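S.K.: sequence? don't have it. structure:
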């Protein structure tokens with residue numbers, strides 16, 4: 001039996017389930033997203049994917065030396081907070097603003113599917129490769145975007161991929177606006 005954080009009843013992390021889910025999500029396998037969506041015990045695993053992906057991004061984009069280990073950890077924590085915010089925002093947009101008639105979801109389902117959609121992000125660690133780094137980071141970002149659309153489509157039970165793209169675009173724009181407001185508020189407060 002697997003608990004909320006992916007630990008088996010024998011006391012160890014069930015890496016085969018965790019790895020299989022990550023590989024399935026990275027392969028854009030709809031069944032993998034459906035499995036994660038329905039497994040309330042996979043939220044901890046999704047959190048682990050988000051954290052690992054952000055650590056890989058931190059190392060791959062600037063290297064561990066630039067921000068140090070502390071910078072990578074802070075980036076990981078920020079990614080977890082962003083993940084919760086993004087899933088909540090996507091939930092509101094997908095279930096209130098742009099739902100299909102069969103749309104039934106909760107925030108947890110979106111957290112799990114969007115968390116596993118970060119699986120390709122582990123490859124961002126390869127961004128440290130001189131000359132190829134920017135190309136790898138760009139390609140992985142596109143892959144993650146496609147995974148996110150797949151995750152939204154599955155979690156919100158959409159029949160239309162275009163609607164899932166719309167939810168992601170609207171969420172992205174709203175996230176940018178909210179981030180800009182925070183920057184303006186906190187930026188003006190510090191001057």
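M.R.: Arrived safely, thanks for sending. Small disclaimer: the values here were computed from a predicted structure and weren't measured.
S.K.: can you name the next helix or strand after the top helix by length along the chain?
M.R.: Longest helix of the chain, by residue count under DSSP state H: helix 43-92. Proceeding N to C from helix 43-92, the next assigned helix or strand is helix 107-116, under DSSP states H and E.
S.K.: contacts for that following helix?
M.R.: Contacting residues not belonging to helix 107-116 are listed as 21-22, 25, 32-33, 36-40, 42-43, 45-47, 49-50, 83-84, 86-88, 90-91, 94, 147-148, 151-152, 154-156 [CB atoms under 8 Å, 6 or more residues apart in numbering]. All C-beta spots, glycine's among them, are computed from the backbone N, C-alpha and C.
S.K.: please redo it, this time with the cut-off set to 7 Å
M.R.: 21-22, 25, 33, 36-37, 40, 42-43, 46-47, 49-50, 83-84, 86-88, 90-91, 148, 151, 154-155 (CB atoms under 7 Å, 6 or more residues apart in numbering).
S.K.: cool, stretch 166-177 as well?
M.R.: 86, 89, 90, 93, 94, 97, 98, 148, 149, 152.
S.K.: if we use 8 Å, what do you get?
M.R.: 85-86, 89-90, 93-94, 97-98, 145, 148-149, 152, 156.
S.K.: ok, now stretch 45-59?
M.R.: So stretch 45-59 is contacted by 5-6, 17-18, 21-22, 25, 36, 64, 67, 71-72, 75-76, 78-80, 83, 111-116, 118-119, 121-125, 127-128 (CB under 8 Å, 6+ apart).
S.K.: buried subset of those residues, written for ChimeraX?
M.R.: Only the buried members of those end up in this ChimeraX selection, burial being decided by 16 or more other CB atoms under 10 Å:
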select :6,17,18,21,22,25,36,67,72,75,76,79,80,83,111,112,113,114,115,116,118,119,121,122,123,124,125,127,128
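S.K.: follow-up on the earlier one: please compute how far the longest helix of the chain lies from its chain's middle.
M.R.: Helix 43-92 sits 9 Å away from the centroid of its parent chain (CA atoms, centre = their mean, to the nearest Å).
S.K.: any idea of the angle that helix forms with helix 107-116?
M.R.: 110 degrees (axes from the mean of the first three to the mean of the last three CA atoms, to 10 degrees).
S.K.: I appreciate the help and will end here.
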